[in-house]
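Student: Provide a 3D model corresponding to the input given below.
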Amino acid sequence: MKSLSDIEMILTRMIELLRIGAFNDWAVALEKLKAGFESDPERASLKLLSMYGGMGSLNDVVLYKDGQPLVSENNELDFLRSQLYDL
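Tutor: Numbers count the residues shown, from 1 in each chain. The predicted model follows:
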C-alpha cells in the first residue's frame, strides 16, 4: 500500500490536471476525497473505488482544451488513475 503522502501527491496532481481540462466537479470530488484520506483512510478508499465504476466515472474523463484533446495531460492522468487504483 502506498503511504498517505503518496496518495495525497497523486490526488493533488490529478486535481491540477482536471482543472486544466475544466473538469471542476471532478476536481472538487477529489479534493474532498483527499481530505477524507486524512481523516478516515478506510472510508476514503471505498469512496475512491466507487469513482472508478460505471458510466460517467473517473475512468471516462478525457481532458480537452479549445476542442483539442490534451494528449500529454491525458496520458499523465491515465497513469495517475492507475497508480491510485492500485493502492
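
Student: in this protein, which spans are helices?
Tutor: In the chain, the segments counted as helices under DSSP state H are 4-20, 24-39, 41-50, 71-85.

Student: Dump the ones you listed to a markdown table, plus mean neighbour count and distance to residue 56.
Tutor: Placement of C-beta: from N, CA and C, glycine included. Formatted as a markdown table, these follow (neighbours: other CB atoms under 10 Å; distance: least, CB to CB, whole Å):
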| stretch | mean neighbour count | distance to residue 56 |
| --- | --- | --- |
| helix 4-20 | 17 | 14 |
| helix 24-39 | 15 | 10 |
| helix 41-50 | 14 | 12 |
| helix 71-85 | 15 | 15 |
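
Student: now these in a markdown table, with distance to residue 62 and mean pLDDT?
Tutor: Compiled in a markdown table, those are given as follows (distance: least, CB to CB, whole Å; pLDDT from 0 to 100):
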| stretch | distance to residue 62 | mean pLDDT |
| --- | --- | --- |
| helix 4-20 | 11 | 96 |
| helix 24-39 | 12 | 96 |
| helix 41-50 | 20 | 94 |
| helix 71-85 | 6 | 97 |
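
Student: Quick one: residues contacting residue 12.
Tutor: When contacts are counted by CB atoms under 8 Å, 6 or more residues apart in numbering, residue 12 touches residue 34.

Student: Go ahead and confirm residue 80 touches residue 15.
Tutor: No. Using CB atoms under 8 Å, residue 80 makes no contact with residue 15, being 10.2 Å away.

Student: What about residue 23, how many residues nearby?
Tutor: 21 (other CB atoms under 10 Å).

Student: list the contacts for it?
Tutor: So residue 23 contacts 61, 63 (CB under 8 Å, 6+ apart).

Student: now it: how far from residue 42?
Tutor: Per CB to CB, to the nearest Å, residue 23 is found 26 Å from residue 42.

Student: could you list every residue that touches the residue nearest to residue 17 when sequence neighbours are not counted?
Tutor: Nearest in space to residue 17, with sequence neighbours left out and distances taken as CB to CB, 6 or more residues apart in numbering, is residue 77 at 4.9 Å. By CB under 8 Å, 6+ apart, residue 77 lies in contact with 14, 17, 18, 61, 63.

Student: All set, thanks.
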